[in-house]
Structures are given as structure tokens and as C-alpha cells.
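*Asks:* Kindly generate the corresponding structure for this input.
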Amino acid sequence: MSRTRGAALRRAALAAVLGVAVAPDLAAELNATAELAALKAEIARLSARVAELEERLATPADADATTDSATTTAPPATADAIEVTDAAMIPRGPRVSVGGRVKLDVVFSDTSRGRGAIGDTLLAPGAIALDATGESDQLDWSARASRLWLKSWQTTPWGDAGAYLELDLLGSGGDQRVSNGYGARLRHGYGELGGLLFGQTYSTFVDVGALPELNDDGISAGSLNVRQPLLRYQHVLGAGTVQLAFEAPETTLTAADGTRLSPDDDRLPDVMLRYQRDDAFGQWSLATMVRELRIDDAAGGARDSAVGAAASLSGMLRFGVRDGLRFTAVGGNAVGRYLAFNAFDGGRLDANGNITLTPMAGGMLSWQHLWDEHWRSNLTAGYAWADDDGAHASANASLYTVHANLLWSPVAHTTLGLEWIHAYRRLVDGRTGSLQRLQFSAVHKF
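*Replies:* Here you go, the predicted model:
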């Protein structure tokens, strides 16, 4: 666009604005309602054209448009002609959006750990009631898995910058007598700048793309699922991405008498390194972790630390347009709380207060089939076990879970589904516990 034409357009835009500015004085001279109504209609039309201009500037189609970061003045516009040559001239502040989901769960379990047990709402495989110890035939209604999130993002010279905050209602407190109210709980709260992420979200050791689609908001026995504070940097490497992260540590130990401990004496972050690649066949990820387990209990006489490592291979493979396989395989002597909702502790203390790391492994497979554009099914199986000959008799030795569901999405963002769950755990001393569950869920995302 020439400088002469640009000046003409600026003069036309200024004239339009001045016309609006003097409207109150003109109205006094107009012969009442008809002329004033016409003027209001013209103002509305100009506002609509300005909105159209902003929308076009938000997604410019001109691939040859140049940028000038020093210029912050919007290009001129008239009511009848708009020509955009420099989209970067419009200043952009943070863009904010709000969303979430409303979820109803109706869960029938043939066994329960008792009143108020969170395991009646979501599955914790390592904590299901042992045979002949739990309550039977428990029906639970809950909307606690509903979520609300807030997102903000913008483009900066350092790359995309943004923040994300998400809450659910699975916190402590509340009851079912009157209000069914429960405390809000932080799921995610992080900021990003370019390749740097800081705050709380899924651990770098967790492959979110490999998590199966379940009605249950708990976890399959062989899956990884931890959210915690972290500092992570991501960089494109070849056809994939590499991530290096330092994450919040938390030692979990089994005392010599079988008591589970979280000593809170950690001094070094958990260190993660992960490589992920996406291609036409799906995506896969290889992750490694090194972390220290530590206790410094002067009163109890336990002062020791141990460094261990773990690795995982996970991903999702596509088979045509209707089928996909999600998978996870993990093992090492520092897996601990990262596997199956902390079903196993990271190590154990002997009578002298020394730490022995616990080797463990697990795996998960989940097959998804799309019946048509509205119906789909998921069949998921997981298994996890610990390999420690000196473990306490009350510690978990192995566990497995099976989920099978049928989901119906009549419209976008709304899903209703029925899921059958079977879970089993075995202790070191041979005691077992099993669970049969039927769960109906209705979800609407907004």
C-alpha cells in the first residue's frame, strides 16, 4: 500500500472517529429520533468492521507481511476498505481463556475400605481392601472430579509465554449429608517462556500421551502418574524433542516394623531426562530418572541416604484410523512413588536405620477401537511388582488391574460411558485383596 493511500485512509478513519465524537452536539440539531437512530446504526456498523479487522489481524493470511517490532501503531482503516500490510504493528497483550469440565461418577464397588475412602471415587490399586476386611456393596455418587482451568498466553521476543492453572474438587474435607462440598485441589499451576516451564504439572517421567482413556480418574496398575513442582527445559533435537528437568523430591520408605514413612529430609531434586518423537505411526518416549532417598532422623537414630535410577519406555501406536495401542514399561530401583499411586515405597529401613532400595517394575497396555464417529471402547490391563526378598510382610508384592469401557459422544465435548474394573493386590505374606467395580460417568467439557 502506498504512503499516499495510507495517509488518505488515516484521514478517513480520523474523520469517522471525529464524527462519532461530535454526535451529541449533532443530535441536538437533528429533528429527533430517526436521524439519531441512523447515526447509532452507523456507529454499530463501524464497531463491527473494527472487530473484523482485529480478527483478521489475529490470523494474518499474507505470508509476505513484514514485521517491525518498534512500531506499535495500528494500521488505518475505513468502514468500507481494509488493507493490512503489517500485522505485527498491532500490539498484543496476554490472551486469556477459561474452561474445564463437569463430571458425574456413579460407582458401584463390591468392596470398600470404609466411610469416606477416596478409593471409592477413584482407583488406587495398592490400597484396595484385603479379602474379609472391607465393607461390601458400596454405591458412591460424586461430581468431585469436575475441573476448572484458566489459561493465558502471548507471543514475546523470547518465544511464546503463558500460564496455566487447573483445579479439581478431590481435596480433603466435606461430606455427603447436606452440601456434598469438598476442598479444591491444585492439579496444575505453571508458567512457560519459550522452552522453559516452571511450576506444577505432570512429572517429566510421565508420558501423558500414553495414559489410557478411562472413566476412572485413578490409575492402571502399571502406569506412571505423578504431578509435582518442577523446572523443565525442552529443546527440539532432530525429529524429536529432549527434556531436562529438576523436580521436587519426596522420599517414601517402609520402616522395619512395616510403618510407611515420608521423612521429608530430601536435599537433592529428582533429575529427569526424556526424549520423545512423533511420526506417522504415533509417538514414543524414552525417559530416565536419577534420585536420592534420604532420612535424617536424629531422635530415631536413622541417618542414611541412597541414590537410585529408573527408566521407562512408553507411547501410542496407531493401527489404521480406528485403532490405537497405548503402552508403558518401567523398571529400576528408584521407581517408588511414581508407579501406581505410590503402591510401593522407594526403599526400606533395616533395624539399624540403613536404606535398602526396592527394585520394581510395571507395564500397561491399552487398546482403543473407534466403532464409528460417536462410539469407542478401551481395553486396558496393567501389572506391577516389587522384587525385595527382605520386604516387610505387610508390603505390597504385586498388583494388577483390568479396565473395559464403552464410551458414547453424541456431540462434541460430551461423553457418557460405562466401565467395568477388576483390581487385585497381593502382599508379601500372601494375603490378597480384590475389587469388582462398575462405573458410569457423564462428562461435559467447556
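*Asks:* List the contacts of the residue lying closest to residue 173 once chain neighbours are set aside.
*Replies:* Distance criterion C-beta to C-beta, 6 or more residues apart in numbering; nearest residue to residue 173, sequence neighbours excluded, is residue 183 at 4.5 Å. Heads up, the C-betas are built off the backbone N, CA and C, glycines and all. By C-beta atoms under 8 Å, 6 or more residues apart in numbering, the contact list for residue 183 reads 169, 171, 172, 173, 174.
*Asks:* Give me the buried entries from the residues you listed.
*Replies:* For the contacts of residue 183, a neighbour count by 16 or more other C-beta atoms under 10 Å gives the buried set as residue 169.
*Asks:* Out of the contacts of residue 183, the closest to residue 288 would be?
*Replies:* Set against residue 288, the nearest of the contacts of residue 183 by C-beta to C-beta is residue 171 (32.5 Å).
*Asks:* So the residue nearest to the closest one when sequence neighbours are not counted versus residue 170, what's the distance?
*Replies:* Using C-beta to C-beta, 6+ apart and skipping residues adjacent in sequence, the residue nearest residue 171 is residue 183, 3.1 Å away. For residue 183, the distance to residue 170 equals 9 Å [C-beta to C-beta, to the nearest Å].
*Asks:* what stretches of the stretch 251-400 of the chain score poorly on pLDDT?
*Replies:* Scanning the stretch 251-400 of the chain for pLDDT under 70 picks out the ranges 298-299.
*Asks:* The stretch 51-200 of the chain now?
*Replies:* Counting by pLDDT under 70, the ranges of the stretch 51-200 of the chain that qualify are 51-92, 115-116, 177.
*Asks:* list the buried ones in the helix or strand containing residue 165?
*Replies:* Residue 165 is part of strand 159-168 when elements are defined by DSSP states H and E. Judged by neighbour count using 16+ other C-beta under 10 Å, the buried positions of strand 159-168 are 161, 162, 163, 164, 165, 166, 167, 168.
*Asks:* now stretch 392-411
*Replies:* The neighbour-count check on stretch 392-411 (16+ other C-beta under 10 Å) flags 392, 395, 396, 397, 398, 399, 400, 401, 402, 403, 405, 407 as buried.
*Asks:* from the chain's centre, how far out does it sit?
*Replies:* Its chain's C-alpha centre and that of stretch 392-411 lie 19 Å apart, by C-alpha atoms, centre = their mean, to the nearest Å.
*Asks:* Identify the residues contacting stretch 418-431?
*Replies:* Counting by C-beta under 8 Å, 6+ apart, 123, 125-126, 128, 130-131, 214-216, 221, 343, 391-406, 432-441 sit against stretch 418-431.
*Asks:* Mind checking what secondary structure the nearest residue to residue 265 once chain neighbours are set aside has?
*Replies:* Once flanking residues are discounted, residue 265 sits nearest to residue 296: 4.2 Å by C-beta to C-beta, 6+ apart. Secondary structure, DSSP: H, G, I helix; E, B strand; the rest coil: residue 296 is strand.
*Asks:* Do I have it right that residue 296 meets residue 266?
*Replies:* No - Residue 296 is beyond contact range of residue 266, at 9.6 Å (criterion: C-beta atoms under 8 Å).
*Asks:* Those two - which one has more neighbours?
*Replies:* The neighbour count for residue 296 versus residue 266, taken as other C-beta atoms under 10 Å, is higher for residue 266 (19 against 14).
*Asks:* Distance of the nearest residue to that one once chain neighbours are set aside relative to residue 345?
*Replies:* Using C-beta to C-beta, 6+ apart and skipping the chain neighbours, the partner closest in space to residue 266 is residue 249 (3.8 Å). According to C-beta to C-beta, residue 249 and residue 345 sit 14 Å apart.
*Asks:* neighbour count winner among these two?
*Replies:* Legend: neighbour count by other C-beta under 10 Å for residue 249 and residue 345, higher for residue 345 (26 against 18).
*Asks:* got TSV for the contacts of residue 183, with secondary structure and distance to residue 351 too?
*Replies:* As requested, those are exported to TSV (DSSP: H, G, I helix; E, B strand; the rest coil; distance: C-beta to C-beta, whole Å):
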residue	secondary structure	distance to residue 351
169	coil	43
171	coil	38
172	coil	34
173	coil	39
174	coil	41
